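Student: With the sequence up front, the predicted model follows.
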Amino acid sequence: MDLSSEQQLEVSAPTLESSIRGLEELMVCYQQADPAAAAALIERLSPQLYRFFAAQLGARDEAGDMLQEAWMRIHRVRHTYRAGEPLLPWVYAIARRVRVDSYRKRRRIAVRERIVEPLPEPAVVKDEAGDLPSFEQLVQDLPASQREVLTLLKVNGLSLEEVARATSSSVGSVKQKAHRAYDRLRTLLSAQRTTK
Amino acid sequence: MTNREIDQILASRTSAVPTADRVKAIENFIEADLKPVRPLAPESLYLAFLAGVFVVACLASFYFIPGVNGWKVLSNLQRPAVFAPLLLSAGVLAFFLVRQMTPGAAHTRDTAAWGAGLLLLLAVLVAVLFRPQPESTFLADNVTCFIGGMKFAIPAGVATGLVLIRGAGLMPRLAGAAAGALAGLAGLAVLEIHCPILNVYHIVVAHISVVLACSIGGFFLGGVTFSRRLPK
């Protein structure tokens, strides 16, 4: 990745720095059983988490179930968050685990199930603002690891360092995956523009 | 098309939100079960505990096995070559174990890789620095040493596991293998201090195998024990 695109990647990522401190304080209050803090945390993090799952699955109904599962796990292991540490990598590391477990579960079920008739192709969810498909559809053709990194960076607003922590990998590896995802998306989007 | 243009396209397409009912259901569930929790202690405390477990295992061996015959027979080159990577890998593994108790902690995988690398270095150094020697009671010596090492490694492994269970490791099998390796290293340290046999085959089969056996045991036990911390 050349330096300019690398810088662009970091600069253009939606930053949540202003709200991160607030999130960490809410988490500490949540650990102390403050119901208002718990509710505020759920309100603020649920849309992000939902998009994370929806982008990975491409199916929004399953994303809702996984969101619920993620919150159950967050609640169960809330004592493992240490005050002063960044909250988002902690949350997304748990969310990632939920996604992996759900994927394994679906695979186990798929192996046992027999398809009796072909399922209809899922309809492409088009955004009202334009004729391009939704984010989930756009990233659907990317490999899972690239899709995950791109979602965390661009949808959930995590920094490169935070994504590295959430995915238990290095910053270099995250940069590489993001770069490849951009290359692939560039090709896909250019192809769509040409067809139009 | 530049990255910024792609960002703009992506930003305009991220509209998915959970239903209000779903969010309310999550809030209700959490509110119904809301109790204060004690956050994990500082990492340094857990590190000190794991170091303590290692040291206590070694010190306890002096009570059960008199003398330091193993230490005495090692040459000035062999002592640091054996104990330096042994202690270093124990330190790195302990650091990894403490780190992985918290989801999303930095450098978890790197640390595990370093620990594994140091263990490999230890095995290579043993293979290079020790020579095959005649040993009339090879099998009996191996069994005695292996059991002797395990006697100290198993309690160390149990103590390590009791600490780790407080965390929420997202890689339970890896954590179990690392905890087993750390306990096995305590057993190996005991053997290197007390066993006077310098035969390379004996060291590999009876001493280093303690680390290997504990890692494999930890791998399987970790999958069962630590993953219970993660609700299904």
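Tutor: Thanks, I have the structure now. Numbers count the residues shown, from 1 in each chain, chains lettered A, B, ... in the order given.
Student: Can you tell me which helix or strand of chain B has the lowest average pLDDT?
Tutor: Here the helix or strand of chain B ranked lowest by mean pLDDT, DSSP states H and E is helix B:3-13, holding a mean of 73.
Student: Could you tell me how many residues sit around the closest residue to A:Asn156 other than its chain neighbours?
Tutor: In space, and not counting its chain neighbours, A:Asn156 is closest to A:Gln48: 4.9 Å by Cβ to Cβ, 6 or more residues apart in numbering or on different chains. For the C-beta atoms, the positions are set from N, CA and C on the backbone; glycine is no exception. A:Gln48 has 21 neighbours, counted by other Cβ atoms under 10 Å in any protein chain shown.
Student: Could you list which residues are in contact with the closest residue to A:Ser190 other than its chain neighbours?
Tutor: Excluding the flanking residues, the one nearest A:Ser190 by Cβ to Cβ, 6+ apart is B:Met1, at 6.0 Å. Shown in contact with B:Met1 (Cβ atoms under 8 Å, 6 or more residues apart in numbering or on different chains): A:Arg186, A:Leu189, A:Ser190.
Student: On the three-state scheme, B:Met1 is what?
Tutor: Classification of B:Met1 using DSSP: H, G, I helix; E, B strand; the rest coil returns coil.
Student: pLDDT score assigned to it?
Tutor: We note a pLDDT of 70 for B:Met1 in this prediction.
Student: any idea how far it lies from B:Ser44?
Tutor: 49 Å (Cβ to Cβ, to the nearest Å).
Student: For the top helix by length along chain B, buried residues please.
Tutor: Assignment by DSSP state H gives helix B:138-164 as the longest helix of chain B. By neighbour count on 16 or more other Cβ atoms under 10 Å in any protein chain shown, the buried set for helix B:138-164 is B:141-142, B:145-146, B:148-157, B:159-161, B:163-164.
Student: Assumed B:Pro66 was part of a helix.
Tutor: No. Per three-state DSSP, B:Pro66 lies outside any helix segment and is coil.
Student: and it, backbone torsions?
Tutor: phi -70, psi 150 (degrees, to the nearest 10).
Student: Helices of chain B, residue ranges please.
Tutor: B:3-13, B:20-32, B:43-64, B:69-73, B:78-99, B:108-129, B:138-164, B:172-194, B:200-202, B:209-225.
Student: quick one: average confidence on the shortest one?
Tutor: The pLDDT scores in helix B:200-202 average 94.
Student: how far is that helix from where the chain is centred?
Tutor: Distance, stretch centre to chain centre, for helix B:200-202: 24 Å (Cα atoms, centre = their mean, to the nearest Å).
Student: Can you tell me how far B:His207 is from B:Ala94?
Tutor: 20 Å.
Student: what does A:Gly84 give?
Tutor: In terms of Cβ to Cβ, A:Gly84 sits 22 Å off from B:Ala94.
Student: and what of A:Arg44?
Tutor: Taking Cβ to Cβ, one finds A:Arg44 at 36 Å from B:Ala94.
Student: Repeat that for B:Phe152.
Tutor: 16 Å.
Student: With A:Pro86 instead?
Tutor: A:Pro86 is 23 Å from B:Ala94, by Cβ to Cβ.
Student: Likewise for A:His179?
Tutor: Counting by Cβ to Cβ, the gap from A:His179 to B:Ala94 is 35 Å.
Student: Neighbour count: those two, which is higher?
Tutor: B:Ala94 (25 against 18).
Student: That one - nearest residue in space that isn't next to it in sequence?
Tutor: B:Leu50 (4.1 Å).
Student: Identify the residues contacting that neighbour.
Tutor: Counting by Cβ under 8 Å, 6+ apart, B:Leu50 has contacts B:Ala94, B:Leu97, B:Val98, B:Thr160, B:Val163, B:Leu182.
Student: Adding pLDDT, write those residues out as TSV.
Tutor: Shown next, in TSV, are these (pLDDT from 0 to 100):
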residue	pLDDT
B:Ala94	94
B:Leu97	92
B:Val98	92
B:Thr160	93
B:Val163	89
B:Leu182	95
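Student: can you list the weak-confidence ranges in the chain?
Tutor: If you meant another chain, say so; for now it's chain A. For chain A, applying pLDDT under 70 flags the ranges A:1-21, A:57-61, A:113-134, A:193, A:195-196.
Student: oops, I was thinking of chain B
Tutor: Ranges of chain B meeting pLDDT under 70: B:11-15, B:226-232.
Student: mind running it again at 80?
Tutor: The model of chain B has pLDDT under 80 over residues B:1-16, B:107-110, B:169, B:223-232.
Student: I figured B:Arg173 hits B:Phe219, correct?
Tutor: Yes. In this structure B:Arg173 lies within contact range of B:Phe219 using Cβ atoms under 8 Å: 5.3 Å.
Student: Can you give the distance of stretch A:84-103 from its chain's centre?
Tutor: 9 Å.
Student: In it, which residues are buried?
Tutor: Result for stretch A:84-103 [16+ other Cβ under 10 Å]: buried residues A:86-99, A:101-102.
Student: and what of stretch B:193-200?
Tutor: Neighbour-count burial for stretch B:193-200 [16+ other Cβ under 10 Å]: B:Ile193, B:His194, B:Cys195, B:Ile197, B:Leu198, B:Asn199, B:Val200.
Student: follow-up on the earlier one: please identify the most buried of the helices of chain B.
Tutor: helix B:172-194 (a mean of 27; mean count of other Cβ atoms under 10 Å in any protein chain shown).
Student: does any part of that helix sit near chain A?
Tutor: No. Judged by Cβ under 8 Å from any Cβ of the partner chain, helix B:172-194 makes no contact with chain A; its nearest approach is 9.8 Å.
Student: That helix versus helix B:209-225: what angle between them?
Tutor: 150 degrees (axes from the mean of the first three to the mean of the last three Cα atoms, to 10 degrees).
Student: And helix B:172-194, what does it pack against?
Tutor: Here helix B:172-194 touches helix B:43-64, helix B:69-73, helix B:78-99, helix B:108-129, helix B:138-164, helix B:209-225, going by 3 or more Cβ pairs under 8 Å, 6 or more residues apart in numbering or on different chains; DSSP states H and E.
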